[in-house]
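Student: Got a predicted structure plus its sequence, pasted below:
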Amino acid sequence: MNQLQGSPWLLAHRSMLKPNKPMKISLLGNDYVLWQDSRGNINALPNACPHMGAMLSEGWCVQKADGSSTIACPFHALEFDNAGCTVLPGSQKETKSLITPLELIIQGDFIWSYGGYEPKIPIPTIMNEIAAEFEFIGSTGERSISTDILSLLLNMHDYNHQNGTHRSLFEIESVQVKQFIDEGLHSHAYLSQPRKQPNFRDIIKNPGQLAMPKVLEAHLENFFPFMGIMHGDNNLLSLKECHFYIPESANSSRVFVLMYMKAYSPIAHLIKGNLLKLIDIVIEQDANILSKIYAGTPQRIKMNNEVGMDWVRRNYKSFPHSR
Ligand code: FES
Ligand SMILES: [Fe+2]
């Protein structure tokens, strides 16, 4: 099954992992437990305990004198270190590694992984550049959705669903793809979307509306298949809305968003919380429609502005090549 093996996947931002709190992650059909120790080291092991298969992510972390920590199994409390070794009761000696750690590539706060597959495309440097220059506002919109990775990617690069899926939020009158720059697995889309102006009641219901101008000008930068960045600029702030896509298994995919900004006015700081909430609603709406699609329905209608989806389909077929 083509789940784009060989792509890097951003599993989480460090802030999503509370120290010594195990987190379950699924990637390409396998489950893992991730945990961060109090020194900031991040560990990842297969989630099935090699004793009798209990989910290690349901267990707890045990901090050691040097600040490292082990993961304790919730069933019989065997403790595994980051190499997958344990000390059996009554013995003083560590076993050899019983489960193979998942290889992670940690870049600052970013936790990447190829899921154990041979890397076919590199990790781009853009997240490190954004993190160096912008203030991190937070993560939002994390959802595990019952859909395959291709359907998720099509939705995320669909420039026509604002008036259906997101009609209550954006009230867009029309969508115009001003330019689509296709650079293989990397692309830029410049959209212009005039919107109906919110009335007073709309603003009360959703103060995030205030952050939205009359014409939504969007610059989307896409990195097939794992990431899409919305670059937003106005006189209040400069925004980087970074969406990440992760194939959990053949029919489950995860998405989350990391938000960064540069404030040009103190007002920008007041709307940070609203922005996170707004994006969370957007992703909820996407998750909802993705669970209400008949998979495999032949597409007999083509709309304008499907260039993003065409780009996804082509790259999905030819991955890791772009044509
Ligand atoms: S199943 Fe994990 S210790 Fe027994
Ligand atoms: Fe959407």
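Tutor: Right, received. Where do you want to start? Residues are numbered from 1 along each chain as shown. Ligands and ions are numbered 1, 2, ... in the order given.

Student: Going by neighbour count, list what's buried in stretch 135-143.
Tutor: Neighbour-count burial for stretch 135-143 flags 136-141, 143 (criterion: 16 or more other C-beta atoms under 10 Å). In this view, the C-beta of every residue, glycine as well, is placed from N, C-alpha and C.

Student: you'd agree Ile145 is up against Asn155?
Tutor: No. Between Ile145 and Asn155 there is no contact under C-beta atoms under 8 Å: 9.2 Å.

Student: Can you pull the residues that touch both of those two?
Tutor: Common neighbours of Ile145 and Asn155, using C-beta atoms under 8 Å, 6 or more residues apart in numbering, are 286, 290.

Student: still on that earlier bit, nearest to ligand 1, of the buried residues of stretch 135-143?
Tutor: Arg143 (29.3 Å; C-beta to the nearest ligand atom).

Student: Near ligand 1, which residues of this structure? Just list them.
Tutor: 49, 51-52, 54, 73, 75-76, 78 (C-beta under 6 Å from any ligand atom).

Student: ok so, going back, of all the buried residues of stretch 135-143, which two lie farthest apart?
Tutor: Between any two of those, the greatest separation by C-beta to C-beta is 20.3 Å, found for Phe136 and Arg143.

Student: buried stuff in stretch 180-189?
Tutor: 180, 182, 185-187, 189.

Student: tell me which element the closest residue to Thr165 other than its chain neighbours falls in.
Tutor: Nearest residue to Thr165, sequence neighbours excluded (C-beta to C-beta, 6 or more residues apart in numbering): Ile289, at 4.6 Å. With elements taken from DSSP states H and E, the one containing Ile289 is helix 272-290.

Student: picking up where we left off before, so who does the residue nearest to Thr165 touch?
Tutor: 155, 161, 164-165.

Student: ok, those vs ligand 1, which is closest?
Tutor: Asn155 (38.2 Å).

Student: Among the contacts of Ile289, which one has the most neighbours?
Tutor: In terms of neighbour count, Asn155 stands highest of the contacts of Ile289 at 22 neighbours, by other C-beta atoms under 10 Å.

Student: Show the contacting residues for it.
Tutor: 161, 165, 286, 289-290.

Student: Looking at those, which is nearest Arg14?
Tutor: Distances from Arg14 to the contacts of Asn155, taken by C-beta to C-beta, are shortest for Asp286, at 25.1 Å.

Student: How many neighbouring residues does that closest one have?
Tutor: 23.

Student: Do you know the pLDDT at it?
Tutor: With respect to pLDDT, Asp286 has a value of 95.

Student: Just give the nearest non-adjacent residue to it, would you?
Tutor: Closest to Asp286 by C-beta to C-beta, 6+ apart is Asn155, at 5.6 Å.
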